[in-house]
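S.K.: quick one, what's the 3D model for this:
(2 chains)
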Number of protein chains: 2
Amino acid sequence: MTTAPFTVSLDLALSGTGAPPKAAYDRSLAAAAAALDWLRDQKRTGGLELLGVPSRADDLRAAARQAAALKGFATVAVLGIGGSSLGGQALTALRKAGKPVVEFHDNPDPFSWAAALKRFDLKKTHFIAISKSGGTAETLMQVLTAADALEKAGVKTLKKHFTIITEPHASPLAGFADSIGAARLDHPLGVGGRYSVLTMVGALPGLLMGLNVKQLRAGAQAALEQVLNARTPADAPAASGAALHHALAGEGRLASTVLWPYADALAVFGGWWKQLWAESLGKDGQGSTPVSVLGPVDQHSQLQMFRDGPGTALYTLVSVDTKGKGPAVPRARANRLGLQYLAGKKLGDLVDAECRATAQTLFKNGRPVRRIHLGKVDEFHLGALMMHFMLETILMGRLMGVNPFDQPGVEEGKVLARQYLAEG
Amino acid sequence: MTTAPFTVSLDLALSGTGAPPKAAYDRSLAAAAAALDWLRDQKRTGGLELLGVPSRADDLRAAARQAAALKGFATVAVLGIGGSSLGGQALTALRKAGKPVVEFHDNPDPFSWAAALKRFDLKKTHFIAISKSGGTAETLMQVLTAADALEKAGVKTLKKHFTIITEPHASPLAGFADSIGAARLDHPLGVGGRYSVLTMVGALPGLLMGLNVKQLRAGAQAALEQVLNARTPADAPAASGAALHHALAGEGRLASTVLWPYADALAVFGGWWKQLWAESLGKDGQGSTPVSVLGPVDQHSQLQMFRDGPGTALYTLVSVDTKGKGPAVPRARANRLGLQYLAGKKLGDLVDAECRATAQTLFKNGRPVRRIHLGKVDEFHLGALMMHFMLETILMGRLMGVNPFDQPGVEEGKVLARQYLAEG
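M.R.: Numbers count the residues shown, from 1 in each chain, chains lettered A, B, ... in the order given. The predicted structure follows:
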């Protein structure tokens, strides 16, 4: 069995006044056991394509070929929205290559996009457009206006400036790719956007940023195996996490769930996770609001409310090894200023102390706290965290009795928007 | 009377199945009338220093002098955390000057800070350190390690590399400034960090980024006057907004309040607002979680939950004039791809249609929606929005019976962190 890529402690969530009743947690754990069996079945039968992604290799060869072909560009702009962008954005924390500069343009803000098209050295800019369905209006408008700008800038061969990642079937985006002869890479049919970061959707941008995508998948595989091989749900972090959430929700104490990493490298990760949790589980009148904060900085912003507010949230603090890291405070000057407590201390010592202090102060005030610790944020650990949260979300959906893979609630708005757009 | 700097509609919040009961809203509105009277008293007596900030000018002259003195630096790094940083960060949306590059370093992440100190051309870098109390551990560690790095880089005269904004009394940060002879500017004694963006705290970074800070204050003044001069609370956006929140909270339907601008220029604004709302009102077991999202992009991330989840939130959609703005989709190519509905449309047309569609789909599904519209995001309108949300927060505190100006809940964690730091 693989070594666990991170450690999880529920001590401060299952004890104290913030804990769910033991009987409630036990019931949720028992339900999680059944959900785990279902997950193992999915793995065995291949029913859930996501579970096979970490061990794929063929698509990475295609991604590597395409990444190599784009190395000469100054800028690669990734066009896509929601699950077609947030995973790649989370990977920027591990960016190593400075060239090409990889930018993510998800929001179709007219002023931002006009400024970007003006700023780009278009002859040296490549666009990777990602849309699972191939029919995403925002992304299509970016693609078509970019093509127009390229042509106006004197680019003769559009095909060199676009890579399209979409499902292998007819669609406007696929049609665009084919009409100019641009490279097409497949978005897997069986993996939804918010679960797609480990597929081509994250792999190509990741490779262009210099990431070791194999390690990203290896970490995901390790987290997956830990869950699949666990003897009990309590030994499977995604299952115990889902059970904890479920038990709190059953008590009416899960209005929100707060992800609180104490590491800049996991700041953008929160945006990816918020979509995952919200869009997967916010349905049928159920769900909880995902709140993404960052430590220590948000102690100075939201800790007051977390500690003394309504108390209907679970806090997941994620720490990395920071003790002894970073610049040290020179002793002499600190002592002269009466700052003996900081003399000789490193920034990472403070972060370490503050993370522990936040966990304790929340716990002491009846807030349940889950603690996750990983050595560092590299490809392996980030991939493991991503798989952990995807599995936890899926298992939580099973416990709640909702489908974590659909998003029926976004259709109405799309239809209305199209109607308003037509009306002008 | 000044023209209203923005328009507010509560139509989709006070009708439909998502509306609070009329009697509840009327009660909250009546309470808001009393809170407004209190606010007018504060203005008259000068009891609430914040209300006098927009009409100050003396401190802007000092800020302008200091900004001029820093023009020669390549980089100005603003060190501060929470209210000492988030307001300035919100102003970056209006950044005009490219030099000096103004960066905000709030989180004391050891890896990020080590990388920044290495990246800076230290001889051309100036540090503005902001701490109201002068005793903020995170900021002090940044200051002392920056001073160390400067000296190691051969800088002889530290005073040229630091500007300190802190209250005019003895403190470690004030002591540091005096020990090297650095410029000190005053943080007002009567304005808390999260209400300080219009003071020197936001003014100096704003001026360095090329903002018209007078216009920022003029907008704030306009929003303030609109509220103070309103004949009824219903005519005062901050009062009607507070009443709406209060009425929903009284019905147990305000687990969170969602700020949803459809403009990239207001994305960072949300971070400032979250601290304002959370730290001011999350106390005594009360409060609601501020959720900051962005349109249209978060339709593809959290709309599913907002529309179909538990339905215990108020949605404030903020739109700007986008119709007819931005690049247009060439008709021929759109038509060839079967995208007639996008042919000839501009990106801003889509944003406009999507914002209206989101408001309608939320409303139709029983979610209360407040709509705020402003012409554009410039200094005047941003200042007005900032004052609006500060006043709304203060009035909400009055309605809830909590003190919106303190943060007693953060002390315990600070004490614990210091203890853990000492223990090593």
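
S.K.: ok and the residue in the stretch 101-250 of chain A nearest chain B?
M.R.: Closest contact between the stretch 101-250 of chain A and chain B, by C-beta to the nearest C-beta, is at residue A:110 (2.4 Å). No exception for glycine: its C-beta is placed from N, CA and C like everyone else's.

S.K.: just give me the neighbour total for that residue.
M.R.: Neighbourhood size, residue A:110 [other C-beta atoms under 10 Å in any protein chain shown]: 26.

S.K.: per-domain residue ranges of chain A.
M.R.: When chain A is parsed with automatic domain parsing, its domains come out as A:7-42+A:215-401, A:52-214.

S.K.: sec struct for the closest residue to the residue of the stretch 101-250 of chain A closest to chain B other than its chain neighbours, please.
M.R.: Nearest residue to residue A:110, sequence neighbours excluded (C-beta to C-beta, 6 or more residues apart in numbering or on different chains): residue B:326, at 2.4 Å. Recorded secondary structure, residue B:326: coil (DSSP: H, G, I helix; E, B strand; the rest coil).

S.K.: hang on, the earlier thing: in TSV, list the domains of chain A along with mean pLDDT.
M.R.: Below are the domains of chain A laid out as TSV (pLDDT from 0 to 100):
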stretch	mean pLDDT
domain A:7-42+A:215-401	98
domain A:52-214	97
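
S.K.: okay if I get those as TSV plus distance to residue B:151?
M.R.: Shown next, in TSV, are the domains of chain A (distance: least, C-beta to C-beta, whole Å):
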stretch	distance to residue B:151
domain A:7-42+A:215-401	9
domain A:52-214	29
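
S.K.: isn't the residue of the stretch 101-250 of chain A closest to chain B up against residue B:321?
M.R.: No: using C-beta atoms under 8 Å, residue A:110 makes no contact with residue B:321, being 10.0 Å away.

S.K.: quick one, helices of the stretch 151-300 of chain A?
M.R.: A:172-180, A:200-208, A:213-228, A:237-250, A:269-281 (DSSP state H, counting those that start in this stretch).

S.K.: report the angle between the fourth one and helix A:269-281.
M.R.: Okay, so that is helix A:237-250. Going by axes from the mean of the first three to the mean of the last three C-alpha atoms, to 10 degrees, helix A:237-250 is angled at 60 degrees with respect to helix A:269-281.

S.K.: for the one residue in the stretch 151-300 of chain A that gets nearest to chain B, phi and psi?
M.R.: When scored by C-beta to the nearest C-beta, the stretch 151-300 of chain A has residue A:282 as its residue closest to chain B, at 2.3 Å. Torsion angles at residue A:282 (phi, psi; degrees, to the nearest 10) stand at phi -80, psi 80.

S.K.: and the gap between it and residue B:11?
M.R.: 25 Å (C-beta to C-beta, to the nearest Å).

S.K.: between those two, who's got more neighbours?
M.R.: The neighbour count for residue A:282 versus residue B:11, taken as other C-beta under 10 Å, is higher for residue A:282 (25 against 13).

S.K.: look up how far residue A:288 lies from that one.
M.R.: Here residue A:282 is placed at a distance of 8 Å from residue A:288 (C-beta to C-beta).

S.K.: anything in contact with each of the two?
M.R.: Common neighbours of residue A:282 and residue A:288 (criterion: C-beta atoms under 8 Å, 6 or more residues apart in numbering or on different chains): residue B:309.

S.K.: tell me which residue lies nearest the centroid of chain A.
M.R.: residue A:272 (3.0 Å; C-alpha atoms, centre = their mean).

S.K.: surely it touches residue A:82?
M.R.: No: between residue A:272 and residue A:82 there is no contact under C-beta under 8 Å: 10.1 Å.

S.K.: taking helix A:237-250 as reference, get the angle to the longest strand anywhere in chain A.
M.R.: Using DSSP state E, we find that the single longest strand of chain A is strand A:313-320. For strand A:313-320 against helix A:237-250, the angle by the same axes, to 10 degrees is 150 degrees.

S.K.: in the helix or strand following strand A:313-320, what's buried?
M.R.: The helix or strand immediately downstream of strand A:313-320 is helix A:331-336, counting by DSSP states H and E. For helix A:331-336, the neighbour count (16 or more other C-beta atoms under 10 Å in any protein chain shown) marks A:333, A:334 as buried.

S.K.: the closest residue to residue A:243 other than its chain neighbours: what secondary structure?
M.R.: In space, and not counting its chain neighbours, residue A:243 is closest to residue A:28: 3.9 Å by C-beta to C-beta, 6+ apart. Recorded secondary structure, residue A:28: helix (three-state DSSP).

S.K.: kindly report the residues of the stretch 151-300 of chain A close to chain B.
M.R.: Taking C-beta under 8 Å from any C-beta of the partner chain, the part of the stretch 151-300 of chain A that reaches chain B is made up of A:172, A:175-176, A:179, A:193, A:255-256, A:263-265, A:271, A:274-275, A:278-279, A:281-291, A:294-297, A:299-300.

S.K.: who's in contact with residue A:36?
M.R.: Counting by C-beta under 8 Å, 6+ apart, residue A:36 has contacts A:227, A:230, A:233, A:236, A:239, A:395.

S.K.: quick check: phi and psi at the residue nearest to the first one when sequence neighbours are not counted.
M.R.: By that I understand residue A:227. Excluding its sequence neighbours, the residue lying closest to residue A:227 (C-beta to C-beta, 6+ apart) is residue A:236, at 4.3 Å. The phi/psi pair for residue A:236 (degrees, to the nearest 10) reads phi -110, psi 110.

S.K.: equivalent analysis for residue A:347, please.
M.R.: phi -50, psi -40.

S.K.: what about the nearest residue to it once chain neighbours are set aside, how many residues nearby?
M.R.: Spatial nearest neighbour of residue A:347, excluding adjacent residues (C-beta to C-beta, 6+ apart): residue A:326 at 3.6 Å. Look at residue A:326: counted by other C-beta under 10 Å, it has 24 neighbours.

S.K.: which residues touch residue A:326?
M.R.: Residue A:326 sits next to A:346, A:347, A:348, B:109, B:110, B:111, B:113, B:114, B:145 when contact means C-beta under 8 Å, 6+ apart.

S.K.: return the closest of these with respect to residue A:244.
M.R.: Distance ranking of the contacts of residue A:326 against residue A:244, using C-beta to C-beta, places residue B:109 first at 27.7 Å.

S.K.: where do the strands of chain A begin and end?
M.R.: A:7-9, A:75-79, A:101-105, A:125-130, A:162-166, A:183-186, A:256-261, A:289-292, A:313-320, A:369-374.

S.K.: reformat those as TSV; add distance to residue B:414.
M.R.: Formatted as TSV, the strands of chain A follow (distance: least, C-beta to C-beta, whole Å):
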stretch	distance to residue B:414
strand A:7-9	23
strand A:75-79	41
strand A:101-105	36
strand A:125-130	44
strand A:162-166	47
strand A:183-186	50
strand A:256-261	17
strand A:289-292	22
strand A:313-320	17
strand A:369-374	18
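
S.K.: so can I have a markdown table of those strands showing mean neighbour count?
M.R.: What follows is these, written out as a markdown table (neighbours: other C-beta atoms under 10 Å in any protein chain shown):
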| stretch | mean neighbour count |
| --- | --- |
| strand A:7-9 | 15 |
| strand A:75-79 | 23 |
| strand A:101-105 | 20 |
| strand A:125-130 | 25 |
| strand A:162-166 | 25 |
| strand A:183-186 | 17 |
| strand A:256-261 | 25 |
| strand A:289-292 | 25 |
| strand A:313-320 | 24 |
| strand A:369-374 | 22 |
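
S.K.: quick one, which of those strands is nearest to residue B:248?
M.R.: Across these, closest to residue B:248 is strand A:289-292 (C-beta to C-beta), at 15.1 Å.

S.K.: now the residue of chain A most remote from its centre, nearest residue through space, not along the chain?
M.R.: Note on chain A: the largest C-alpha distance from the chain mean falls to residue A:336, namely 44.8 Å (C-alpha atoms, centre = their mean). Leaving aside its sequence neighbours, residue A:336 sits nearest to residue B:179 (C-beta to C-beta, 6+ apart; 7.0 Å).

S.K.: what's the burial count for the closest residue to residue A:244 other than its chain neighbours?
M.R.: Leaving aside its sequence neighbours, residue A:244 sits nearest to residue A:13 (C-beta to C-beta, 6+ apart; 5.7 Å). Using other C-beta under 10 Å, residue A:13 has 27 other residues around it.
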